[in-house]
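**Student:** Next come a sequence and a model predicted from it.
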Amino acid sequence: MVYVQHLWLQNFRNYDELNLSLSPGKTILLGENGQGKSNLLEAIGYLGTAKSFRAVPVEALIKQDTETAVIRAELQHLDRDLLVEAELSRTRQNKIFVNKQKISPIRNLTGLIPITIFGPDDLNLVKAGPAIRRNYIDDLLVQIHPKNIQIRADLEQVLKQRNALLKQSRGRLTEETRLTLQVWDEKFHSLSHQWGEERQKTLKDITRHAAQAYLELAGGEISLKLSYNPQWLEKGLLESLQEAQKDELRRGTTLVGPHRDEINILLDALPARTHVSQGEQRTIALSLRIAGHQLLKNIHNTNPLLLLDDVFSELDAKRSKSLLELLVADQTFISTAVEPEYIVESTQVRIHEGTIL
């Protein structure tokens with residue numbers, strides 16, 4: 001079981017002070033737009049991911065005209081009591097403590113508390129460019145196993161160093177550049193193949209769960225598939241880098257590897273990004289989040305904490321009800337401007353201008 005028992009906020013977004021006791025089950029955050037419902041979800045989400053699900057810098061989370069913000073929560077996780085404290089600063093290094101022990105680096109917090117977040121921008125999982133889909137699977141990988149946090153960080157660092165070398169070469173392959181590039185190529189090859197294989201393995205499970213979720217949400221016999229088969233992973237990255245070397249030197253950046261991959265989404269064999277309606281795209285996006293939720297549940301043997309940020313505003317009652325039936329959680333937070341009629345048992349929290357009414 002995973003749930004937040006108590007939440008304290010100080011100078012977070014539009015909250016001066018918040019002291020809120022919580023319980024398992026469904027908690028509905030009610031209020032008009034711009035009052036602080038999503039901000040509260042964002043604070044809870046930060047405790048599980050060490051970042052904002054809105055993809056904004058930490059400075060945006062700190063209340064205007066203040067230097068620091070604090071998020072503090074008591075949680076229950078698999079019969080273990082956790083006290084998670086985060087201090088966000090404009091001028092100093094951000095800090096996170098779990099049971100008074102500092103987490104360093106902060107990214108190591110990821111995966112400690114399994115969490116699933118649905119947001120209004122999830123449609124971009126289907127509509128936007130490939131980076132969104134890469135982040136979707138990569139964020140799941142680091143929640144699946146702590147080892148993936150370090151692999152991802154190492155991969156990003158090696159790629160950064162390799163790009164710096166290519167840029168400094170200014171299109172010329174000197175002997176010194178060739179030898180240094182060879183070192184970075186071998187490191188990049190090793191890490192990339194680890195990451196690519198983890199992506200492939202996990203996407204098989206994601207595809208199975210997402211396909212079933214789509215059928216539950218949309219009905220009918222429509223086939224949803226995800227495809228990830230980068231050419232470099234099949235033939236070997238070192239060979240692919242050698243083939244791209246001239247172009248990379250000319251452009252000063254790495255052109256082949258996991259940072260450039262596409263994850264294709266097909267609905268009845270048609271590319272979902274360009275060939276299906278927006279309603280179908282939204283259902284696919286929901287199916288992907290449901291798949292991630294079920295995957296984490298199976299791996300961690302517990303229901304992830306569930307945050308639903310304004311998800312129901314563009315869904316009819318039937319699909320909204322189906323969504324809640326598919327998403328099993330010990331604690332669910334739902335932000336909405338209008339009270340959902342199909343949620344029978346819940347705790348309601350009304351929010352106005354950063355204050356709990």
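**Tutor:** It's in. Keep in mind that what you see is a predicted model, and the values were worked out from it rather than measured.
**Student:** drop to CA atoms for contacts and neighbour counts, all remaining ones
**Tutor:** Noted.
**Student:** Run a quick neighbour tally on residue 342.
**Tutor:** Neighbour count of residue 342, defined by other C-alpha atoms under 10 Å: 11.
**Student:** measure the nearest residue to it once chain neighbours are set aside to residue 26 for me?
**Tutor:** Once flanking residues are discounted, residue 342 sits nearest to residue 321: 6.5 Å by C-alpha to C-alpha, 6 or more residues apart in numbering. Using C-alpha to C-alpha, to the nearest Å, residue 321 is found at 14 Å from residue 26.
**Student:** For residue 89, give me its contacts.
**Tutor:** Taking C-alpha atoms under 8 Å, 6 or more residues apart in numbering, we find residue 89 in contact with 58, 59, 62, 67, 68, 69.
**Student:** The residues you listed: which two are farthest apart?
**Tutor:** Of all pairs drawn from the contacts of residue 89, the greatest distance, 11.6 Å, lies between 58 and 67 (C-alpha to C-alpha).
**Student:** For the lowest-mean-pLDDT helix or strand in the chain, what is the distance to the chain centroid?
**Tutor:** Least confident element among the helices and strands of the chain, by mean pLDDT, DSSP states H and E: helix 317-326 (a mean of 86). For helix 317-326, the separation from the chain centroid amounts to 22 Å (computed by C-alpha atoms, centre = their mean, to the nearest Å).
**Student:** Can you point out the buried residues in stretch 277-291?
**Tutor:** 280, 281, 282, 283, 284, 285, 286, 287, 288, 289, 290, 291 (16 or more other C-alpha atoms under 10 Å).
**Student:** Please apply the same query to stretch 79-88.
**Tutor:** Buried, per 16+ other C-alpha under 10 Å, within stretch 79-88: 82, 83, 84, 85, 86, 87, 88.
**Student:** Surely the fourth one and residue 97 touch.
**Tutor:** Yes. Checked against C-alpha atoms under 8 Å, the pair residue 85 and residue 97 is within contact range at 5.1 Å.
**Student:** helices or strands next to the top helix by length along the chain in the packing?
**Tutor:** If you go by DSSP state H, the chain has its longest helix at helix 175-218. Applying 3 or more C-alpha pairs under 8 Å, 6 or more residues apart in numbering; DSSP states H and E, one finds that helix 175-218 makes contact with helix 130-144, helix 147-169, strand 224-227, helix 237-251, helix 278-300, helix 317-326.
**Student:** By mean pLDDT, show me the worst of these.
**Tutor:** Ranked by mean pLDDT, the helices and strands packed on helix 175-218 bottom out at helix 317-326, with a mean of 86.
**Student:** got the angle for that one vs helix 278-300?
**Tutor:** 10 degrees (axes from the mean of the first three to the mean of the last three C-alpha atoms, to 10 degrees).
**Student:** Could you list the alpha-carbon positions for helix 317-326 in CSV?
**Tutor:** Taking C-alpha atoms only, helix 317-326 is exported to CSV below (Å, rounded to 0.1, in the frame of the first residue of the first chain):
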residue,chain,number,x,y,z
ALA,A,317,-19.0,9.8,-18.5
LYS,A,318,-18.6,6.3,-19.9
ARG,A,319,-14.9,6.6,-20.6
SER,A,320,-14.3,8.5,-17.3
LYS,A,321,-15.9,5.6,-15.4
SER,A,322,-14.0,3.0,-17.4
LEU,A,323,-10.7,4.9,-16.7
LEU,A,324,-11.3,4.8,-13.0
GLU,A,325,-12.2,1.1,-13.1
LEU,A,326,-8.9,0.3,-14.9
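**Student:** Tell me which residues are up against it.
**Tutor:** Contacts of helix 317-326 (C-alpha under 8 Å, 6+ apart): 213, 216, 217, 218, 290, 312, 342.
**Student:** now do 7 Å
**Tutor:** Contact with helix 317-326 is made by 217, 312, 342, as judged by C-alpha atoms under 7 Å, 6 or more residues apart in numbering.
**Student:** How about stretch 101-119?
**Tutor:** 48-50, 96-97, 142-144, 146, 149, 289, 293, 296, 304-311.
**Student:** Please list only the buried members of these.
**Tutor:** Members of the contacts of stretch 101-119 classed as buried by 16+ other C-alpha under 10 Å are 48-50, 96-97, 142-144, 149, 289, 293, 296, 304-311.
**Student:** Show me which of residue 321 and residue 26 is the more surrounded one.
**Tutor:** residue 26 (20 against 17).
**Student:** how would you label that one: helix, strand or coil?
**Tutor:** strand (DSSP: H, G, I helix; E, B strand; the rest coil).
**Student:** Show the model's pLDDT score for residue 145.
**Tutor:** pLDDT, residue 145: 88.
**Student:** Only the buried residues of stretch 114-129, if you could.
**Tutor:** In stretch 114-129, counting by 16+ other C-alpha under 10 Å, buried: 114, 115, 116, 117, 118, 119, 122, 123, 124, 125, 126, 127.
**Student:** Double-check that the third one belongs to a helix.
**Tutor:** Think residue 116. No. According to three-state DSSP, the state of residue 116 is strand, so it is not within a helix.
**Student:** And it, what's its pLDDT?
**Tutor:** 94.
**Student:** Specify the beta-bridge partners of it.
**Tutor:** residue 306 (DSSP bridges).
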